[in-house]
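> With the sequence up front, the predicted model follows.
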Amino acid sequence: MSDTAISNERTQALPDGGMGSARDFFELLKPRVMSLVIFTALVGIVVAPGDIHPVIGFTALLCIAVGAGASGALNMWYDADIDAHMTRTVKRPIPAGRVTPSEAAAFGATLSVFSVMTMGVLVNWVAAALLAFTIFFYVAVYTVWLKRRTPQNIVIGGAAGAFPPMIGWAAVTGTVTLESAVLFLIIFMWTPPHFWALALRSSDDYKNAGVPMLPVVAGDKATRRQIMIYSALLVPVTLLPGFLGFAGPLYMGVTAVLGAGFLWLAFSLWRKEPGAAQEKAAMRLFGYSILYLFLIFSLLLVEKIFGLDALPAGALVPGM
């Protein structure tokens, strides 16, 4: 049976229902993911050079949040067949029958148009274009194309979650700069070890749903090795803000310590064999990775607010 036939069969098996409560539609927005998007976008707005009126800044942040929520709703619409076969997602509004797929699709599409147009008219069209591309990338590239076809889905698709600070930066400056690209790169490199740590625990769920996540396709050992590789690449990337001059000594010192902790947990996971010890190590890394990203972006925010965001000229160049 073809993938399309299987998908149609699963979709037809979804329970009838619809017109759920406001809480159900709010759940479609993936509020946990949205909270991270809002925070990293806020950091992009605050850290960016130049000034922005508080009302315009709030509008930009609201548009980014709504756009992220729209992406989540469209993702749940398309992935309803997968969600219905996974323990972690089976109680979501669509597989549970509280919201129909057509309602979720209309909800997500409406919010997408609203967020992009509002950003363009009230903030600037560079930020709006980035927001539109982010929604397109998450829905069309990651959800529709990559997720069901390649174990590298989360690597490439992770770009969608890395755009918010870049959009926030563009809301202030109207441009895309190297500094904003570094903020993007930090999240982009963080996403694989963060998500694959969770995938190690949920590999049976993904296998049953027919999703080719890395643990399912390549096995636990290869996944642990990839987590170690990406972790080793991530830590130097997090230090780039200091070398580019928009982070100070506080950021560099604390981030280096946090990075050492990340590497240690990734190394500890890499050494584990499948079983309870591996699952425990994976969830320890997963939990730490959330705190890790939050603290890194918090440091950028704190340094900017208190004027500690620039290292002295030549501070990181030997002999100067």
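All right, it came through fine.
> Going by C-alpha atoms from here, please, whenever you check contacts or count neighbours.
OK.
> tell me which residues of stretch 104-124 are tucked away?
By 16 or more other CA atoms under 10 Å, the buried positions in stretch 104-124 come out as 104-105, 107-109, 111-112, 114-120, 123-124.
> Figure out how far the lengthiest helix in the chain is from the centre of its chain.
The longest helix of the chain (DSSP state H) is helix 276-305. A distance of 13 Å separates the centroid of the chain from that of helix 276-305, by CA atoms, centre = their mean, to the nearest Å.
> And stretch 156-163, by the same measure?
Here stretch 156-163 shows a centroid-to-chain-centroid distance of 6 Å under the convention CA atoms, centre = their mean.
> Straight-line length of it, end to end?
This stretch, stretch 156-163, spans 13 Å end to end (CA to CA, to the nearest Å).
> what pLDDT, on average, does that stretch get?
For stretch 156-163, mean pLDDT is 93.
> So what touches it?
37, 130, 134-135, 137-138, 141-142, 146, 183-188, 191-192 (CA atoms under 8 Å, 6 or more residues apart in numbering).
> Over to stretch 176-195?
So stretch 176-195 is contacted by 44, 48, 154-155, 158-159, 161-166, 169-170, 226-228, 230-231, 233-234, 237-238, 240-241, 244, 246, 285-286, 289-290, 293 (CA under 8 Å, 6+ apart).
> What is the three-state secondary structure of the residue most central in space within the chain?
Residue closest to the average C-alpha location in the chain (CA atoms, centre = their mean): residue 161, at 3.1 Å. Assigned with DSSP: H, G, I helix; E, B strand; the rest coil, residue 161 falls in the helix class.
> how much space is there between it and residue 64?
11 Å.
> Need the overlap of contacts for the two.
Residues touching both residue 161 and residue 64 by CA under 8 Å, 6+ apart: residue 37.
> tell me which element residue 109 is part of?
Here residue 109, judged by DSSP states H and E, is contained in helix 101-122.
> Following that helix in sequence, what is the next regular element?
Using DSSP H and E, the first helix or strand after helix 101-122 is helix 125-136.
> Now find how far off-centre whichever helix or strand comes after that next one is within its chain.
Sequence-wise, the next helix or strand downstream of helix 125-136 (DSSP H and E) is helix 153-157. When distances are taken as CA atoms, centre = their mean, helix 153-157 is centred 10 Å away from the chain's centroid.
> what residues are up against residue 138?
Per CA under 8 Å, 6+ apart, neighbours of residue 138: 71, 75, 157, 160.
> could you redo the last one with a cut-off of 10 Å?
Counting by CA atoms under 10 Å, 6 or more residues apart in numbering, residue 138 touches 68, 71-72, 74-75, 144-146, 156-161.
> how near is it to residue 163?
11 Å.
> go on, residue 27?
Distance from residue 27 to residue 163, by CA to CA: 22 Å.
> More neighbours: those two, which one.
residue 163 (28 against 17; other CA atoms under 10 Å).
> Can you point out the buried residues in whichever strand or helix holds residue 61?
Element membership of residue 61, judged by DSSP H and E, is helix 54-78. Buried residues in helix 54-78, counted by 16+ other CA under 10 Å: 56-57, 59-78.
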